[in-house]
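A.B. asks: coordinates for the following, if possible.
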Amino acid sequence: MTQIFGYDAMFLVNIGLSLIVAFIIIRKVLFPAPEVIEEDEGEQLPPLVFTSYTPRTLAKFNGTDDPRVLMGVKGKVYDVTAGKKFYGPGGPYENFAGRDASRGLAKTSFDPAMLTPIDQPLDTLADLENHELETLDKWEMTIEAKYIHCGVLENEKA
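C.D. replies: The predicted model follows:
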């Protein structure tokens with residue numbers, strides 16, 4: 001038998017293989033790969049024409065009443081249909097679909113109480129604290145970078 005540093009070579013090979021297997025198992029158990037939620041490509045819908053929405057006209061774009069999912073943030077409307085797994089029915093942000101999500105995003109809250117009823121004027125966000133406004137600005141930048149800005153959100157005309 002071949003000896004390396006006074007040990008049988010086959011013994012050293014077995015020790016090496018055991019260490020590799022142990023490393024792989026420990027890595028898989030302690031550091032599992034994060035679950036990735038893939039965005040779908042969105043249904044092949046005709047492009048939207050940039051338009052003005054009111055809370056009432058925006059409400060139908062919730063992924064249920066209409067296949068498109070739109071969301072308002074700081075007076076802008078975004079087509080988030082490509083992220084329907086997030087914003088559509090059953091997604092973690094589904095209550096923002098077809099609504100002005102500004103207050104909920106600013107407060108990092110998915111509570112339906114964060115949403116202004118569609119028959120009331122838009123939330124002015126005047127009572128938000130500076131850190132909440134900064135959070136909202138970061139959300140707006142993220143959404144602006146990922147999704148199509150397709151309109152503006154305005155109050156009902158008198």
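A.B. asks: what comes into contact with the lengthiest strand in the chain?
C.D. replies: Counting residues, the longest strand found in the chain (DSSP state E) is strand 148-153. Residues from elsewhere that reach strand 148-153 (CB atoms under 8 Å, 6 or more residues apart in numbering): 48, 50-55, 58, 70, 72, 75-79, 100, 122. In short, each C-beta sits where N, CA and C put it, glycine included.
A.B. asks: what segments of the protein are helices?
C.D. replies: Along the chain, counting by DSSP state H, helices occupy 9-30, 55-59, 84-87, 102-106, 130-146.
A.B. asks: rank these by pLDDT, which is bottom?
C.D. replies: Sorting those by mean pLDDT places helix 9-30 lowest, at a mean of 86.
A.B. asks: relative to helix 130-146, how tilted is the longest strand of the chain?
C.D. replies: Counting by axes from the mean of the first three to the mean of the last three CA atoms, to 10 degrees, strand 148-153 points 130 degrees away from the direction of helix 130-146.
A.B. asks: each with direction, which strands does strand 148-153 pair with?
C.D. replies: Strand 148-153 has the following strand partners under DSSP bridges: strand 51-53 (parallel), strand 76-79 (antiparallel).
A.B. asks: average pLDDT for the longest one?
C.D. replies: It refers to strand 76-79. Rounded mean pLDDT across strand 76-79 is 98.
A.B. asks: mind saving the C-alpha coords of that strand as PDB?
C.D. replies: The C-alpha trace of strand 76-79 is given here as PDB (Å, rounded to 0.1, in the frame of the first residue of the first chain):
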ATOM      1  CA  LYS A  76     -48.600  58.400 -11.000                       C
ATOM      2  CA  VAL A  77     -50.100  55.200 -12.400                       C
ATOM      3  CA  TYR A  78     -47.900  52.200 -13.300                       C
ATOM      4  CA  ASP A  79     -48.800  49.100 -15.300                       C
END
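A.B. asks: what comes into contact with that strand?
C.D. replies: So strand 76-79 is contacted by 48, 53, 58, 68-72, 140, 143-144, 147-153 (CB under 8 Å, 6+ apart).
A.B. asks: many thanks, have a good one.
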